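**Q** sequence and predicted structure, then a few things I'm wondering about:
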Amino acid sequence: MADATSESAEPRVVLVTGGNRGIGKCIADAFRAQGDRVIITHRTGDAPQGVDAVRCDVSSTESVDAAFKEIESTWGPVEVLVANAGVTKDTLLMRMTEDDFTSVLDTNLVGAFRVAKRATKGFLKLKRGRIVFISSVVGVMGAPGQANYASSKAGLIGMARAITRELGARNVTANVVAPGYITTDMTAELPEDVTADYMASIPAGRFGDPAEVASAVQWLASPGAGYVNGTVIRVDGGLGMGL
């Protein structure tokens with residue numbers, strides 16, 4: 001049986017998809033602060049200054065494979081994968097086009113599958129690995145106008161549990177962090193009345209901080225969480241409790 005405390009204390013290679021802004025950036029910064037070698041992905045434009053980054057479009061298998069080859073040749077095999085890249089195309093169901101639905105799933109769910117599958121090749125050689133999927137409380141609660149987004153985020157939970165069944169005995173863990181309403185540039189732009197309505201539904205009475213999401217992700221990737229597999233940690237102030 002693998003000893004959860006036997007993982008090396010040396011800096012690990014951590015890949016955070018969509019780690020150039022928002023919650024993803026905070027997660028990347030947190031791993032970097034503890035000494036890990038963190039690589040983020042960006043789809044377009046130049047990489048942020050001062051960080052290790054590779055260009056990667058998670059909706060393309062070829063792009064994902066090229067990104068992993070670049071990472072492996074430059075920094076070594078990925079040991080921790082945080083699948084965070086995601087998009088939204090919100091609209092009511094009757095107005096949602098098939099492309100609105102499938103394009104969101106292709107990035108949020110199939111994109112996570114692509115990077116997880118590619119990372120697993122390295123995990124099996126290393127005989128260890130950690131996957132953390134960034135879902136959403138919407139994936140367990142649902143939300144009007146987000147049939148596509150909610151479906152994609154719910155799917156991550158099923159995928160994590162299937163991977164756990166397949167690879168749990170290989171010292172590979174696959175877990176999910178489901179943030180609720182987190183203070184980001186997007187939530188900062190919400191009208192006051194909308195913010196007040198959201199606040200009223202959150203038992204904690206406040207939005208979360210990205211650092212609180214990052215802490216949950218870090219813990220799931222730590223040696224102390226080696227026996228935690230196929231689980232969902234909601235970082236939502238109690239919004240989705242009981243679900």
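**A** Arrived safely, thanks for sending.
**Q** what's in contact with the helix or strand bottoming out on mean pLDDT in the chain?
**A** Using mean pLDDT, DSSP states H and E, the weakest-scoring helix or strand in the chain turns out to be helix 185-188, at a mean of 75. If you take Cβ atoms under 8 Å, 6 or more residues apart in numbering as the criterion, helix 185-188 is touched by 21-22, 181, 195, 207. (Glycine included, C-beta is placed from N, CA and C.)
**Q** in stretch 229-243, what's buried?
**A** For stretch 229-243, burial by neighbour count (16 or more other Cβ atoms under 10 Å) applies to 229-237, 239-240.
**Q** one more: stretch 159-173?
**A** So stretch 159-173, judged by 16+ other Cβ under 10 Å, has buried residues 159-161, 163-164, 167, 171-173.
**Q** tell me the helix or strand right after the helix or strand hosting Ala30.
**A** Assigned by DSSP states H and E, Ala30 falls within helix 22-33. Per DSSP H and E, helix 22-33 leads on to strand 37-42 as the next helix or strand towards the C-terminus.
**Q** all strands of the protein, in order?
**A** Here the chain has its strands, by DSSP state E, at 13-16, 37-42, 52-55, 80-83, 129-134, 172-179, 232-235.
**Q** tally of neighbours for Phe31?
**A** Neighbour count for Phe31, taken as other Cβ atoms under 10 Å: 23.
**Q** tell me how far it lies from Arg165.
**A** From Phe31 across to Arg165, the span is 27 Å (Cβ to Cβ, to the nearest Å).
**Q** could you do Ser63 as well?
**A** Distance from Ser63 to Arg165, by Cβ to Cβ: 28 Å.
**Q** and the least confident helix or strand of the chain, which residues are buried?
**A** Buried residues in helix 185-188 (16+ other Cβ under 10 Å): none.
**Q** export it to CSV, keeping only CA atoms.
**A** What follows is helix 185-188 as a C-alpha-only set of coordinates in CSV (Å, rounded to 0.1, in the frame of the first residue of the first chain):
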residue,chain,number,x,y,z
ASP,A,185,-13.5,41.0,-11.2
MET,A,186,-16.7,39.5,-12.4
THR,A,187,-18.6,39.6,-9.1
ALA,A,188,-17.2,43.1,-8.4
